[in-house]
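# Provided below are the primary sequence and the corresponding predicted coordinates.
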Amino acid sequence: MIQYGSTDLHELRFSSMRASIELRDAQWIDVEVLFELDLHQGSELPADLSELSALLICTYGGDIVQIVPQDEGRDCEYQFTDAEKEQLRQFYEQSVKQLLRLKVERIDNT
């Protein structure tokens, strides 16, 4: 995690990831990713965050457009590091993308 305006970073490792998919509008799909921190890897949440999650903003084609950290479901003063974004991308590609496409297919067929 990198706090805006700071050069300090805390590299977090995520575990037990789970996602929910919500169709926002005709253009974007929101994927909320909840996770636990891998404490064995020394991950520690910054003191001013309480419920960190990730919002992946995706297209109907399944591409990730943006990855946004959220605290208690709202934007926060942090951004994910490249390594943290990669963890989230891998989880999305392996566990969520196909479900998102199936959900979009069902809508297209109605």
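Thanks, I have the structure now.

# ok, residues contacting the worst-scoring helix or strand of the chain on mean pLDDT?
One helix or strand of the chain scores below all others by mean pLDDT, DSSP states H and E: helix 97-108, with a mean of 89. With C-beta atoms under 8 Å, 6 or more residues apart in numbering as the contact definition, helix 97-108 has outside contacts at Ile21, Leu23, Ile29, Val31, Cys58, Tyr60, Gly62. For glycine as for every other residue, the C-beta is placed from the backbone atoms N, C-alpha and C.

# give me that answer again for 7 Å
Outside helix 97-108, the residues that touch it by C-beta atoms under 7 Å, 6 or more residues apart in numbering are Ile21, Ile29, Val31, Cys58, Tyr60, Gly62.

# any idea which helix or strand comes after the helix or strand hosting the third one?
The reference is to Val31. Following DSSP states H and E, one finds Val31 within strand 28-37. Where DSSP H and E defines the elements, the next helix or strand beyond strand 28-37 is strand 52-59.

# relative to strand 28-37, how tilted is that following strand?
150 degrees (axes from the mean of the first three to the mean of the last three C-alpha atoms, to 10 degrees).

# can you point out the buried residues in the next helix or strand after strand 52-59?
Counting by DSSP H and E, the next helix or strand C-terminal to strand 52-59 is strand 64-71. The neighbour-count check on strand 64-71 (16 or more other C-beta atoms under 10 Å) flags Ile64, Ile67, Pro69, Gln70, Asp71 as buried.

# now stretch 22-35
Ile29, Val31, Val33, Phe35.

# surely Ser20 meets Glu32?
Yes: judged on C-beta atoms under 7 Å, Ser20 makes contact with Glu32 at a distance of 5.0 Å.

# on that earlier part again, could the buried residues of stretch 22-35 go into TSV alongside pLDDT and distance to Phe14?
Shown next, in TSV, are the buried residues of stretch 22-35 (pLDDT from 0 to 100; distance: C-beta to C-beta, whole Å):
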residue	pLDDT	distance to Phe14
Ile29	96	21
Val31	98	14
Val33	98	8
Phe35	96	4
